[in-house]
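Student: Generate coordinates for the sequence data below:
(2 chains)
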Amino acid sequence: AQKITQTQPGMFVQEKEAVTLDCTYDTSDQSYGLFWYKQPSSGEMIFLIYQGSYDEQNATEGRYSLNFQKARKSANLVISASQLGDSAMYFCAMSRGSNYKLTFGKGTLLTVNP
Amino acid sequence: DVKVTQSSRYLVKRTGEKVFLECVQDMDHENMFWYRQDPGLGLRLIYFSYDVKMKEKGDIPEGYSVSREKKERFSLILESASTNQTSMYLCASSSRLAGGYEQYFGPGTRLTVT
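Tutor: Okay, here's the model as predicted:
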């Protein structure tokens, strides 16, 4: 069975600094996808970034990058130059091959301090 | 832009009532999902649908049913609401044609059962 682990219930970072949110996964599949979502206090889930298991380069989207280490089964999210608006809950998720269901981690609450 | 809408942001119901949560997406997506979100537990999949009139149980289907009569609409039904169904309910959709299986979420319905 698939499992996503986010070991940091909460993280604090100073504005303009970089922060890494940890995510490890467990799967026996060769083909899978890894996602990060942001959930502000308003409640809506916002897609941030995607990495396929066969992608050799780490995914980047603006200030977000996904540090994909396949052998270690980790998919950490790096946010560069943190902004106050980055304060939110962040979820790591995984899809399984051609299966379109996602398995989510329990989330990390990021607080950006001014 | 993909838009997923949910019928209510906040809902208060009494124990034993039949509750309908509606979700509509405007991007012609084949897949639709219902999750519940509880503090410390992340998102858990209740049901999903990969086509009109097709449905599959997720991880926690007990006490819920779903209906998908039209491609754009996916309804979650609580046959007899109970207090342990007080939660945030999130609807999502995705396209099987998109390689990343990214899910787009609605704003959520916070349901309180008293």
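
Student: Just checking: what are the partner strands of the lengthiest strand in chain B?
Tutor: Counting by DSSP state E, the longest strand found in chain B is strand B:42-51. The strands that strand B:42-51 pairs with in its sheet are strand B:31-38 (antiparallel), strand B:54-57 (antiparallel) (by DSSP bridges).

Student: Please identify the buried residues of the shortest one?
Tutor: By neighbour count on 16 or more other Cβ atoms under 10 Å in any protein chain shown, the buried set for strand B:54-57 is B:K55. For glycine as for every other residue, the C-beta is placed from the backbone atoms N, C-alpha and C.

Student: Need the residues that contact that strand.
Tutor: B:47-50, B:66, B:68 (Cβ atoms under 8 Å, 6 or more residues apart in numbering or on different chains).

Student: Can I get that strand in CSV? Just the C-alpha atoms.
Tutor: Extracted in CSV, the C-alpha atoms of strand B:54-57 (Å, rounded to 0.1, in the frame of the first residue of the first chain):
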residue,chain,number,x,y,z
MET,B,54,-19.6,5.0,-12.4
LYS,B,55,-18.3,5.1,-8.8
GLU,B,56,-15.8,3.4,-6.6
LYS,B,57,-15.3,3.4,-2.9
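
Student: partners of whatever helix or strand comes next after that strand, with directions?
Tutor: Counting by DSSP states H and E, the next helix or strand C-terminal to strand B:54-57 is strand B:64-70. Looking at strand B:64-70 with DSSP bridges, its partner strands are strand B:73-78 (antiparallel).

Student: Report the mean per-residue pLDDT for the partner strand.
Tutor: Per-region confidence: strand B:73-78 scores 97 on mean pLDDT.

Student: would TSV of the strands paired with strand B:42-51 with mean pLDDT be doable?
Tutor: Listed next are the strands paired with strand B:42-51 as TSV, based on pLDDT from 0 to 100:
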stretch	mean pLDDT
strand B:31-38	94
strand B:54-57	92
